[in-house]
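Student: got a structure for you, letters missing:
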């Protein structure tokens, strides 16, 4: 069974500093996708960044970047120059795509990020 | 292009009543997914539908829960005879086709069962 583990229930960072959120996953598949979603107090799920497993290059989106270690099944999110608006729950998610089923997406339990001014 | 829309945003039901949650996918999206989020937990997959077809309902309880995505109109998640344990946030997501890996989420419906 595919599982996603976020070992840090809560994290805190000073504004303008850098923070890294951890995520590990377990799968027997070789082809899959990884995501980080952000859920602010509004409860909206917002896609932050995605990574294809077949790509060795780590994905980057402005202040957000990932450290994807396929052999270790690790997918951490780094937030640089943290801003107050980054405060939210962050969910790591894993997904395989098969020809018949497009549904196999698993979420971690989340990490609550607090940004201190 | 409007995002995924869900209504109502908040729904209060008494035990034993029925709850109907609606989801309109993004324009051009024919794949819809429903997830449930209990307090302080991640999202759990419930059901995946395409137009007029349920593709995978492995995450949905066998009793009291049903889902549909008709040819016309929104997808509906129906919970009959609600119980307190059904209280949760229910999220809908959509994607355009099989080849697109990213799901786009709606704002969710928070169901409270009294």
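Tutor: Done, it's in. Since we're looking at a predicted model, the values are computed, not measured.
Student: Pretty sure residue A:6 sits against residue A:113.
Tutor: No: the criterion here is CB atoms under 8 Å, and residue A:6 misses it with residue A:113 at 11.3 Å. C-beta: built from backbone N, CA, C; applies to glycine.
Student: Am I right that residue B:85 is in a helix?
Tutor: Yes: judged by DSSP: H, G, I helix; E, B strand; the rest coil, residue B:85 forms part of a helix.
Student: Can you name the residues that contact it?
Tutor: Residues near residue B:85 by CB atoms under 8 Å, 6 or more residues apart in numbering or on different chains: residue B:113.
Student: how close does it get to chain A?
Tutor: Taking CB to the nearest CB, to the nearest Å as the measure, residue B:85 falls 19 Å from chain A.
Student: Show me what the helix or strand harbouring residue A:13 pairs with in its sheet, parallel or antiparallel.
Tutor: Assigned by DSSP states H and E, residue A:13 belongs to strand A:10-14. When pairs are called by DSSP bridges, strand A:10-14 turns out to pair with strand A:111-116 (parallel).
Student: can you tell me which residue is nearest the centre of chain B?
Tutor: Chain B has residue B:34 as the residue nearest its centroid, 3.6 Å off, counting by CA atoms, centre = their mean.
Student: check contacts around the closest residue to that residue other than its chain neighbours.
Tutor: What sits nearest to residue B:34 in space, not counting adjacent residues and going by CB to CB, 6 or more residues apart in numbering or on different chains, is residue B:46, at 4.4 Å. Residues near residue B:46 by CB under 8 Å, 6+ apart: B:33, B:34, B:35, B:36, B:57, B:59, B:60, B:65, B:67, B:77.
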